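K.L.:
Quick one, what's the 3D model for this:
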Amino acid sequence: MNEPYLGEQKLVFSIDIGTTNTAVSIVHLQPGVPPKVRVISRWPGDTTSSKIPSLILFVWRRLSDSMAYVIATPNGWGLAEQAVLKAAMEGAGLLVKDAAASEDRLVFVTEAEASVHFGLHYAPSSSSGWLEPGAQFAVCDAGGSTVDSCVYEVESTTPKLRLREVKTSDCVQAGAIFPTRFARSIIEAKLAGSKFCTKEYLDAIVETFDSKTKHHFAEREEAQVIKFGFDKDNDKAVGISRGRLTLTGAEVARAFEPCVAQILSSLDGQIAGCNVKNILLVGGFGESPYLRRTLAERYEPHGIKIVTADEPSKKAVSEGASLFYIKDCVIARATRFDFGIQTTRKFSQWGDLALGRPVFTAVDGQKRIDGGWSRIIKKGTVIESNQLVTEVFNHTFRSRLAMVYSVTLRTCDHDSSIHDGWMTDRWGKDINGFERCCTLTADLSSLATPDTVQVNEATGEPFWHLTFKVGLAFGGTSLKAYVLYDENGVEKRGPASVIPSIYY
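P.N.:
As a prediction, this is how the structure comes out:
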């Protein structure tokens, strides 16, 4: 990144919370200075890093009021997981317990998207030719626990690289921890009946497999020798000689195969229907020679090249999250869910579909039914940067003193149209797949003018039937939702509600 930073001075921490390890990167953004991302590789307690804590503490004190935090999460994580992380940040005193105040200080990014930024930043110069307008490429972020896959299309390359997410990304539990688990089962079965089939020996063997064998294994034809004991440890019947266990290449491959099969299936689903010519492979597990070889054998005969970064990609997510914050180049994202709100339905218009549902009389005197569903955005819709998608709604108010409208934006994880306009069953219970996303509010009292007042003919009571919109817009690093209304010809918006990144 040679371009100078043009915003306000800020300290940004990017955190990749992994299954076994956590990586952190820091970037000090200074006006007029090209940003430089630094990955923390040494921590307090290591005698070689005595100067690191004081340096961080100095910057911390000076920029504590302008800090931002970027947390990378697996593509499959949802509201519950993000809420836990946010609560932990608040508990540590890094955020205040106020949604509006913390909105700009805490950003969630998917591991896949963070990896895109890392991979593109460190991709070898010889591979730059595939980043041309109109080109499509896949990203496979193979981490410790999850493997995220997605497809992007290059919108433009100048003056800034701009990418469009082609379809909803995928996440599978097929990361680096699983070959180790499968290997333990394979080794335990191989040693069954011998004196080496004990927890102590198995732990020692599997530890070496995890730290060495797994990272070097490349071909099924290559036998692997795992050193775990002493010269006196021998049992030729199970392949142990002088404290070394020999596994055939096929046995080691069996430890990888369940994960590799899931990764290939995920990538096949992402690539289907797309004109992908390159797969950008990142993440710690992405450095596995066996995984790289398997992907190459699967896709290169079909003209799809496997691209890897020049830099070790174990730090891909944490550093990529900082790069994402500095120069977000993704200009469109695909929603993973249907979005909409719960509404009421006129009893007279729904006939037999309303049978068994409670009927109530609204403020305007009409008989209505609760539990209706109005979809705003369909699952898989690609939302452009700064694009606002809206739907028009109405609400009836009894008093001008209580015109703060509040509604829960909801999601559905499947095609909600199959429910014939309902999101609850006849007993008022949410249909499976619908979930609360965030709450939207707006003060609509300015719309309650003498011209808009109406009277309930049955009761003589006044009411106001007001029209507004609910909209979703993608801008910067997040998707946001608003209540929008027209005030004397000027469009107004209620407070923005940030939609968790799990949904797009």
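K.L.:
and the residue nearest the centre of the chain, what does it touch?
P.N.:
The C-alpha lying nearest the average C-alpha coordinate of the chain belongs to residue 110 (Cα atoms, centre = their mean; 3.0 Å). Listed by Cβ atoms under 8 Å, 6 or more residues apart in numbering, the contact partners of residue 110 are 72-75, 148, 169, 501. The way it works is simple: take the backbone N, C-alpha and C, and place the C-beta from them, glycine included.
K.L.:
ok now the longest strand along the chain, how far from the chain's centre?
P.N.:
Longest strand in the chain, counting residues (DSSP state E): strand 462-475. Remark: strand 462-475 is offset 29 Å from the chain centroid, using Cα atoms, centre = their mean, to the nearest Å.
K.L.:
got the CA positions of it in PDB?
P.N.:
The C-alpha atoms that make up strand 462-475 are tabulated as PDB, following Å, rounded to 0.1, in the frame of the first residue of the first chain:
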ATOM      1  CA  PRO A 462     -58.900  10.200  15.700                       C
ATOM      2  CA  PHE A 463     -56.000   8.200  14.200                       C
ATOM      3  CA  TRP A 464     -53.100   8.800  11.800                       C
ATOM      4  CA  HIS A 465     -52.300   6.400   9.000                       C
ATOM      5  CA  LEU A 466     -48.700   7.100   8.100                       C
ATOM      6  CA  THR A 467     -46.600   5.900   5.200                       C
ATOM      7  CA  PHE A 468     -42.900   5.200   5.400                       C
ATOM      8  CA  LYS A 469     -40.200   2.900   4.000                       C
ATOM      9  CA  VAL A 470     -37.900   0.200   5.400                       C
ATOM     10  CA  GLY A 471     -34.600   0.200   3.600                       C
ATOM     11  CA  LEU A 472     -31.300  -1.700   3.500                       C
ATOM     12  CA  ALA A 473     -28.100  -0.100   2.200                       C
ATOM     13  CA  PHE A 474     -24.600  -1.500   1.800                       C
ATOM     14  CA  GLY A 475     -21.900   1.100   2.300                       C
END
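K.L.:
thinking again about what came up before, a markdown table please, covering the contacts of residue 110 and showing secondary structure and neighbour count.
P.N.:
Shown next, in a markdown table, are those (DSSP: H, G, I helix; E, B strand; the rest coil; neighbours: other Cβ atoms under 10 Å):
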| residue | secondary structure | neighbour count |
| --- | --- | --- |
| 72 | strand | 30 |
| 73 | strand | 26 |
| 74 | coil | 24 |
| 75 | coil | 22 |
| 148 | strand | 29 |
| 169 | coil | 26 |
| 501 | helix | 23 |
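K.L.:
Looking at the residues you listed, which is nearest residue 315?
P.N.:
Nearest to residue 315 among the contacts of residue 110 is residue 72, at 11.4 Å by Cβ to Cβ.
K.L.:
pretty sure that closest one contacts residue 319?
P.N.:
No - the criterion here is Cβ atoms under 8 Å, and residue 72 misses it with residue 319 at 10.2 Å.
K.L.:
All set now, cheers.
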